[in-house]
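Colleague: Okay, structure incoming, though there's no sequence with it:
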């Protein structure tokens, strides 16, 4: 009896070791063995292998990732917009006048229908009161504090856990093969810097985002500080993405990963370089594990993460890889 | 006789090996053993040594270097200004109207006195016709071509050879100790990117400079390109340096190296962080090997590289290291 137990335990240990070694050999365990995974591995093997005709020098192995909808959940509303709304609500007691002034009035009344009709000018007013007037350091602390407390309305977890496990594995796999992984987001550069290093392993110097002006000044004790101003320097979306890549990276990426029309130009510019390239779009077609929207239908009228029919056509014409969340991802979130 | 020759050769080989090992042990062979060299080595040893109370994690080991007058010669006139003048002269045949319009008229007449009185608006006009209207890629090629042909008026060598050997050794030494070395220049970001990787080992993503807007568009064949526009996004000088560091690096540097009032805020901001820091100013006091200007006198009325008396006082008060080219550098240029 005792011998049998020992044998069973031994067999189990062996089995576990085999399972672990299979996992260690597979750099992308959360991806199914479908076309996207094969395309990723083929790309990495040809650009990172010395002597390959498609070899790319390590310093030129630049991979750029959109954030909202590509690395983390963007539905039902961009996380940074939720942050801004929460900040307006938190600051409202010091601003009684907001109860009578738009766009603050609608936000404080939780009037979702009105919020959906906000103009760019309305958003600018919200950004001005929530994203400026403090030092960069203070802003980072505000964002970190909010991220530590806020929870996604559907998944009931911190937003920083609502990140796609297959994409984390992809970034890790690229870095293990000498790539530099950058985030190139339409979101605020400093908002994303507040968590990108901890969540994605992407340090602040590898976060390109929409940028506001900062002003160097001295506080009352004569210490220098950088104050965030409400003026915009770059909207890092659509054509702004290759422009932002030029500002911060100064090199064309060889791999580009997105999920919406905001990423179209980044993928086009990546694809227009010579040599091996990988352009990839995440298609949200998995309402059970995440959301279904874009060309798969679903979430009618969403203003978030527009993956248009014309983007799908361009992907087909240019040979971009479209990832079906439903078919190509074994697991969506680490917490599953 | 033959034995003696062999012995002599052997002795010589041994001597060479000893000489090489001495050199290999000294990371800064072009620096005299004076205070600045000691300050550099003490700083690196305390921040890079695990377990040291001043240990800095590798990802936070950011060192920022000014370019003009800190890494390469800036007298008698900034290299990029010479480039712009040469470009105006080269383009003049296609612009007969320039012969009657300032500031082009003075440039084409080689009127140095008039050029010295140019206003910011005059410079903007020159920059507009020489630094915009082409793609980023085309501009890099123009600069590379110019740098391959142009020579410094005094040293009769390419500008890319008029770089300070001790500073190259310092950058190399910092990188060997896990630092990331950035250039933070008042010069144009793309102008400096054209040579920084080859000359300093600093890749494009580690060059922060004055930035113009770029515009993403498609050429007649439908290929995407980034076109340089004449609008300024950032003047990366004085307060603009910490602002540019925030945009591109997103982290405060722990080492900062400059030579003029344009670098004052970068050094202040570096010094205002907590933990071990190294702030250093190169003082040009060596008219025999290079130039003498700034608080040492010389080159009266130069508008290039202002190292004011008040900067020298601030350096004293804040404990910044001032490098005397004459006393602290064994060798200034590699070609000596």
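Modeller: Thanks, I have the structure now. Values in this document were obtained by computation on a predicted structure and should not be read as measured data.

Colleague: Could you look up the SS state of residue A:304?
Modeller: coil (DSSP: H, G, I helix; E, B strand; the rest coil).

Colleague: how far does stretch A:125-136 sit from the chain's center?
Modeller: 22 Å (CA atoms, centre = their mean, to the nearest Å).

Colleague: End to end on it, go ahead and measure it.
Modeller: 19 Å (CA to CA, to the nearest Å).

Colleague: Buried residues in that stretch, which are they?
Modeller: A:125, A:126, A:127, A:129, A:130, A:131, A:132, A:135, A:136 (16 or more other CB atoms under 10 Å in any protein chain shown). All C-beta atoms are positioned from the backbone trio N, CA, C, and that covers glycine.

Colleague: same question, stretch A:320-327
Modeller: A:320, A:321, A:322, A:323, A:324, A:325, A:326.

Colleague: so how far is chain B from the nearest residue to residue A:334 once chain neighbours are set aside?
Modeller: Among residues not flanking residue A:334 along the chain, residue A:165 sits closest, at 4.8 Å (CB to CB, 6 or more residues apart in numbering or on different chains). Per CB to the nearest CB, to the nearest Å, residue A:165 is found 24 Å from chain B.

Colleague: can you check residue A:48 too?
Modeller: Residue A:48 sits 18 Å away from chain B, going by CB to the nearest CB.

Colleague: same question, residue A:198
Modeller: Taken as CB to the nearest CB, the span from residue A:198 to chain B is 12 Å.

Colleague: what number of residues lie near that residue?
Modeller: Neighbourhood size, residue A:198 [other CB atoms under 10 Å in any protein chain shown]: 11.

Colleague: Name all residues that make contact with it.
Modeller: The neighbours of residue A:198, taking CB atoms under 8 Å, 6 or more residues apart in numbering or on different chains as the test, are residue A:160.

Colleague: okay, it: pLDDT?
Modeller: Per-residue pLDDT puts residue A:198 at 98.

Colleague: Close to chain B: what parts of chain A are there?
Modeller: For chain A, the residues in contact with chain B (CB under 8 Å from any CB of the partner chain) are A:59, A:136, A:180, A:189-190, A:193, A:197, A:203-205, A:207, A:211, A:213-216, A:223-224, A:226, A:233-234, A:239-240, A:242-243, A:246-251, A:265, A:268-269, A:272.

Colleague: hmm, try it at 7 Å
Modeller: When proximity is defined as CB under 7 Å from any CB of the partner chain, chain A approaches chain B at A:59, A:136, A:193, A:203-205, A:207, A:211, A:214, A:216, A:223-224, A:226, A:233, A:239, A:242-243, A:246-251, A:265, A:268-269, A:272.

Colleague: buried subset of these?
Modeller: A:136, A:193, A:203-205, A:207, A:211, A:214, A:216, A:224, A:226, A:233, A:239, A:242-243, A:246-251, A:265, A:268-269, A:272.

Colleague: so where do the strands sit in the stretch 201-336 of chain A?
Modeller: A:207-218, A:224-234, A:255-258, A:278-283, A:321-324 (DSSP state E, counting those that start in this stretch).

Colleague: scratch that, the stretch 51-200 of chain A
Modeller: In the stretch 51-200 of chain A, the strands defined using DSSP E, counting those that start in this stretch lie at A:62-65, A:180-188.

Colleague: Dump these into CSV; add distance to residue A:27 and mean pLDDT as well.
Modeller: Below are the strands of the stretch 51-200 of chain A laid out as CSV (distance: least, CB to CB, whole Å; pLDDT from 0 to 100):
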stretch, distance to residue A:27, mean pLDDT
strand A:62-65, 14, 98
strand A:180-188, 14, 97
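
Colleague: Report how many residues lie close to the residue nearest to residue A:334.
Modeller: 18.

Colleague: surely it meets residue A:331?
Modeller: Yes: the pair residue A:165 / residue A:331 is scored as a contact, 5.3 Å apart, by CB atoms under 7 Å.

Colleague: Which pLDDT value does the model give the residue in the stretch 1-150 of chain A positioned nearest to chain B?
Modeller: Nearest residue of the stretch 1-150 of chain A to chain B: residue A:59, at 5.4 Å (CB to the nearest CB). Predicted confidence (pLDDT) for residue A:59: 94.

Colleague: Which residue, neighbours along the chain excluded, lies closest to it?
Modeller: residue B:203 (5.4 Å).

Colleague: Confirm for me that that neighbour is in contact with residue B:193.
Modeller: No: Residue B:203 sits out of contact with residue B:193 when judged by CB under 7 Å, with a separation of 8.6 Å.

Colleague: follow-up on the earlier one: can you tell me how far the residue nearest to residue A:334 is from residue B:327?
Modeller: Distance of residue A:165 to residue B:327, computed by CB to CB, to the nearest Å: 59 Å.

Colleague: repeat for residue A:197
Modeller: For residue A:197 relative to residue B:327 (CB to CB), the value is 42 Å.

Colleague: And residue A:228, by the same measure?
Modeller: 43 Å.

Colleague: Kindly report the same for residue A:107.
Modeller: 64 Å.

Colleague: dump the residue contacts of residue A:241.
Modeller: A:184, A:263, A:265, A:266 (CB atoms under 7 Å, 6 or more residues apart in numbering or on different chains).

Colleague: again, 10 Å this time
Modeller: Contact analysis of residue A:241 by CB atoms under 10 Å, 6 or more residues apart in numbering or on different chains lists A:64, A:66, A:184-186, A:208-209, A:234-235, A:253, A:256, A:258, A:262-270, B:216.

Colleague: and which of the buried residues of stretch A:320-327 is nearest chain B?
Modeller: Using CB to the nearest CB, the buried residues of stretch A:320-327 come closest to chain B at residue A:320, 14.4 Å.

Colleague: doesn't residue A:336 make contact with residue A:30?
Modeller: Yes: counting by CB atoms under 10 Å, residue A:30 does reach residue A:336; the two are 9.4 Å apart.

Colleague: Any chance you could list residues touching both of these two?
Modeller: Common neighbours of residue A:30 and residue A:336 (CB under 10 Å, 6+ apart) are A:165, A:330.
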